[in-house]
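Participant: Build the 3D model from these lines:
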Amino acid sequence: MNTSDLDYALPEELIAQHPCEQRDESRLLVLDRADQSMTVDVFRNLPHYLRRGDCLVFNDTRVIRARLHGRKPTGGQVEVFLLHETSPGEWDALVRPSSKVKPGTPVKIAAGIEALVGDRLPGGRRHVSFAQPDVLTVLEQAGEVPLPPYIRRDTPDASDLTRYQTIYAHAPGAVAAPTAGLHFTEAVFCRLEESGVDRAFLTLHVGYGTFRPIQAERLEDHTLEPEPFTLTEKTATQLNRTRAVGGRIVAVGTTVTRVLETQCQAGAYHPGTGETNRYIYPPYTFRAIDALQTNFHLPRSSLLALVCAFGGADFILEAYRFAVREQFRFYSYGDTMLIL
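Facilitator: Residues are numbered from 1 along each chain as shown. Take a look at the predicted model:
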């Protein structure tokens, strides 16, 4: 499959710049693969499309305030975008303007907080170290919410601190939100519980590479950067039990899908902690999920490739064209779809 097959026309005004007023007021496009039908609804009605005994699986990663602004001793401004902690106080990061920050340059972030910009790394990254080993505490004091590049605002709003975070976010480490989960509210959780739909959680810390478009001409020539994940014994047991009694595994987002497809072998889910660079594109036989809830993704992206593999490329791209005509809102703060 050519990467160009994942192109679609999207008016810029449909790229959501803010979330809707209430999380569960997002629009929901329900796709039925069996009869190729499309149904327009609102997200709060998600439980109507699930069955007693189904299990929704969520990514409980928490977005860190990864973007830092500081100054060099000369007074020049520097942006440090933390990507991945390699050891306590040591990070891989993007530094701007990198060409003007020599290795060994200290950058004052805020009162009492200083980062040391080190060696250049592959992919335009830099090594950055902090005197404080507990950098997450530093980020809570001085960091900025790392909104995606297609949200064109100079600075985040105060509301982004909560809205670019799921209500069940628990494990800090992501630099991008698992956006399929942004629509859930306690009211939706209550309705799911009343409907007999179970919940399970895993963790995958979403990296900045999630925004990297596929540059290769052929989909199979692209690669994903590894991202750390944890699938607990409790969750694996819960998912195996769900499948044993005929329930469906419903992945909330592409990140959940990639972890489950990594950890499902020989018909069973296996606990584990590690990294995954599982890249899913058509054609692909899914072993771990039976349904997928996911937002609308960028053209030529690995996320859209995964969705096309699950729903069928022709059906998914037809649904995207329908969503454009119906003025759905796209990307992180946009609307969502459920593929059954």
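Participant: which other residues reach the helix or strand of the chain with the lowest mean pLDDT?
Facilitator: Lowest mean confidence among the helices and strands of the chain (mean pLDDT, DSSP states H and E): helix 135-142, at a mean of 83. With CB atoms under 8 Å, 6 or more residues apart in numbering as the test, helix 135-142 has contacts from 64-66, 68, 82, 85, 89, 91, 109-110, 113, 130, 132, 172. (Each C-beta comes from the backbone N, C-alpha and C, glycine too.)
Participant: Can you show me the strands along the stretch 51-200 of the chain?
Facilitator: Under the criterion DSSP state E, counting those that start in this stretch, the stretch 51-200 of the chain contains strands at 55-59, 61-63, 67-71, 77-87, 90-96, 105-110, 113-121, 125-130, 171-174, 198-204.
Participant: The stretch 201-340 of the chain too?
Facilitator: Under DSSP E, counting those that start in this stretch, the stretch 201-340 of the chain gives strands at 227-231, 249-252, 264-265, 268-269, 272-276, 291-295, 336-339.
Participant: Can you lay out those as CSV showing mean pLDDT, distance to residue 239 and mean neighbour count?
Facilitator: Formatted as CSV, those follow (pLDDT from 0 to 100; distance: least, CB to CB, whole Å; neighbours: other CB atoms under 10 Å):
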stretch, mean pLDDT, distance to residue 239, mean neighbour count
strand 227-231, 97, 9, 22
strand 249-252, 98, 6, 28
strand 264-265, 96, 8, 16
strand 268-269, 98, 4, 20
strand 272-276, 97, 13, 14
strand 291-295, 98, 13, 24
strand 336-339, 98, 19, 22
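Participant: So among the contacts of helix 135-142, which ones count as buried?
Facilitator: Among the contacts of helix 135-142, the ones that count as buried by 16 or more other CB atoms under 10 Å are 64-66, 68, 82, 85, 89, 91, 109, 113, 130.
Participant: Now pLDDT and distance to residue 316 too, for these, in CSV please.
Facilitator: Formatted as CSV, the buried ones among the contacts of helix 135-142 follow (pLDDT from 0 to 100; distance: CB to CB, whole Å):
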residue, pLDDT, distance to residue 316
64, 94, 31
65, 93, 34
66, 93, 31
68, 92, 38
82, 93, 34
85, 88, 35
89, 89, 43
91, 93, 36
109, 88, 43
113, 84, 45
130, 91, 43
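Participant: Now for the residue nearest to residue 253 when sequence neighbours are not counted: which residues touch it?
Facilitator: Closest residue to residue 253 apart from its sequence neighbours, by CB to CB, 6 or more residues apart in numbering: residue 180 at 3.4 Å. Counting by CB under 8 Å, 6+ apart, residue 180 touches 252-254, 256, 293-295, 336.
Participant: okay if I get those residues as JSON lines plus distance to residue 229?
Facilitator: Converted to JSON lines, those look like this (distance: CB to CB, whole Å):
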{"residue": "252", "distance to residue 229": "15"}
{"residue": "253", "distance to residue 229": "13"}
{"residue": "254", "distance to residue 229": "13"}
{"residue": "256", "distance to residue 229": "10"}
{"residue": "293", "distance to residue 229": "19"}
{"residue": "294", "distance to residue 229": "18"}
{"residue": "295", "distance to residue 229": "20"}
{"residue": "336", "distance to residue 229": "22"}
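Participant: any weak-confidence spans in the stretch 51-200 of the chain?
Facilitator: 111 (pLDDT under 70).
Participant: contacting residues for the residue nearest in space to the middle of the chain?
Facilitator: Central residue of the chain (CA atoms, centre = their mean): residue 178, 3.1 Å from the mean position. Applying CB under 8 Å, 6+ apart to residue 178 gives the contacts 58-59, 61, 166, 204, 206, 252-253, 255-256.
Participant: cool, and residue 76?
Facilitator: Per CB under 8 Å, 6+ apart, neighbours of residue 76: residue 100.
Participant: re earlier: how much space is there between the residue nearest to residue 253 and residue 303?
Facilitator: Residue 180 is 10 Å from residue 303, where distance means CB to CB, to the nearest Å.
Participant: so what sits against both of those two?
Facilitator: 254, 294.
Participant: okay, now residue 188: neighbour count?
Facilitator: The tally of other residues near residue 188 (other CB atoms under 10 Å) stands at 18.
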